[in-house]
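Undergrad: Sequence and predicted structure, then a few things I'm wondering about:
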Amino acid sequence: MKYPLRFRKEVSDDIAEACRWYEGRQARLGNRFLRELNATLVQVAFGPESYGKGDRGVRAARLHRFPYVVYFRFTGKAVEVVAVLYGGRDSSVWRGRV
């Protein structure tokens, strides 16, 4: 079953920041990042419970080719994406959102 994805308002800023950074490194790398992110979001939407629960019930899905993590909560009816952040970033950023 595919669950609906809901995004906290800060997530769009997370994604835009990552795209800008990658585009500044190499042309079209931001687009590759977006494709990888979308593929990860599809996996999360179809199988949110396949990711273990962490602190505060937040789950983490790592992108395969980029060092980014999608942090989300699963309510049983929908997936709430709380952050898309660089994997080495301080976790207090997403913790402040839940």
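TA: Cool, got the structure.

Undergrad: This structure: helices as residue ranges?
TA: 10-25, 29-46, 92-95 (DSSP state H).

Undergrad: could you dump the ones you listed to CSV with distance to Y86?
TA: From N, CA and C alone the C-beta is placed, and that goes for glycine too. Formatted as CSV, those follow (distance: least, CB to CB, whole Å):
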stretch, distance to Y86
helix 10-25, 7
helix 29-46, 11
helix 92-95, 10
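
Undergrad: Could you tell me the least trusted of those?
TA: Ranked by mean pLDDT, the helices of the chain end with helix 92-95 in last place, scoring a mean of 86.

Undergrad: Contact partners for V70?
TA: L37, T40, L41, V44, A60, A61, R62, L63, V81, A83, V84 (CB atoms under 8 Å, 6 or more residues apart in numbering).

Undergrad: Could you measure from the most far-flung residue of the chain relative to its centre over to A45?
TA: Most distant from the centre of the chain: A27, at 22.3 Å, with distances by CA atoms, centre = their mean. Per CB to CB, to the nearest Å, A27 is found 30 Å from A45.
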